[in-house]
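Enquirer: Requesting a structural model of the entry that follows:
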Amino acid sequence: MMANLFSSFDPSTNFNLSLNWISSLIGILIIPPMFWLIPSRLSILWINIIITLHKEYKILISNFNIKGSTLIFISLFSFILFNNFLGLFPYIFTSTSHLILTLALALPLWLSFMIFGWINNTTHMLAHLVPQGTPPVLMPFMVCIETISNIIRPGTLAVRLSANMIAGHFLMTLLGNTGPKMPMILISVLIIVQILLLVLESAVAIIQSYVFAVLSTLYSSEVI
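Expert: Numbers count the residues shown, from 1 in each chain. This next block holds a predicted model:
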C-alpha cells in the first residue's frame, strides 16, 4: 500500500523491489532483432522515423558534416521515447520522471559541448556571450545573463522532461484513486477521461523526447 501519492514515483517502494531501474535497459533486448529479422511493418516505420530524424538533425548541425554526427541525438530520442512509453503501462517504473536519469542525460552532453567549444572555438564562444548590436554600456550585463543562461541549460532540459512526465502520471493517479468513492454513473465518465489522458500522455511522451533531442542538437550547433 502506498504511504502517499508521490511514493508511486519512488523506485524503491513499488512492490518493495529496487530493480525498477532495469526497465530502462529493456530496450537493449528489443532493438537488436530489428536489424537481422525480416523487416516488419513496425520496423519499417521505425527506420523511416530514424531517417527523417537524421535529415532534420543534419540540417540543425550543418556546420559539422561528419558521418554519424546525428547518431547520438537519434539514440537519445529513441532511449527517452522508449522509457516514456514504458512508463504508461501499469506497474512499470517511469525512469524519465526522475531527475537522476534526466540530469544524467543532459549534464554530460552539455559539459562535452562546452568543453569542445571552449577548447576548439574560444573566439566563437566568447562572441556568443555578447549578442550583435549590444550597446557598450550593457555588455557586462549581457555577459552575465548569457553565462547564467548557458549554465542552467542542463537543469532546464532535465526538469522539463521529468516535470512533464510526472504531471500526467500524477493526474492519472489522482483520478484513478477517486474511482472507488464515485457513484456508478460517474465511473464511465471517469474511464473516458482516463482514456483521453492516456492519449494525451502518449503525445507528451513523443513530444518531450523530440524536444529534448532537438534542444541538445541546437546546443551542440552553437559551439561549432
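
Enquirer: Can you tell me the SS state at Phe89?
Expert: Under DSSP: H, G, I helix; E, B strand; the rest coil, Phe89 falls in the coil class.

Enquirer: list the contacts for it?
Expert: With contact set as CB atoms under 8 Å, 6 or more residues apart in numbering, Phe89 has no partners. For the C-beta atoms, the positions are set from N, CA and C on the backbone; glycine is no exception.

Enquirer: Also Leu129?
Expert: Leu129 sits next to Met142, Val143, Glu146, Thr147 when contact means CB under 8 Å, 6+ apart.

Enquirer: One more: Leu37?
Expert: By CB under 8 Å, 6+ apart, the neighbours of Leu37 are Ser43.

Enquirer: Look up phi and psi at it.
Expert: Dihedral pair for Leu37: phi -80, psi 160, per degrees, to the nearest 10.

Enquirer: Could you report the pLDDT at it?
Expert: Note for Leu37: predicted pLDDT of 71.

Enquirer: Look up how far His169 lies from it.
Expert: As defined by CB to CB, to the nearest Å, Leu37 lies at a distance of 33 Å from His169.

Enquirer: residues near the nearest residue to Ser220 once chain neighbours are set aside, how many?
Expert: The spatial neighbour of Ser220 that comes closest, neighbours along the chain excluded (CB to CB, 6 or more residues apart in numbering), is Phe113 at 5.2 Å. Close neighbours of Phe113, defined as other CB atoms under 10 Å, add up to 20.

Enquirer: now swap in Phe79 and tell me
Expert: Phe79 has 21 nearby residues by other CB under 10 Å.

Enquirer: Same check on Leu175?
Expert: For Leu175, using other CB under 10 Å, the count is 15.

Enquirer: Helix, strand, or coil at it?
Expert: With three-state DSSP as the criterion, Leu175 reads helix.
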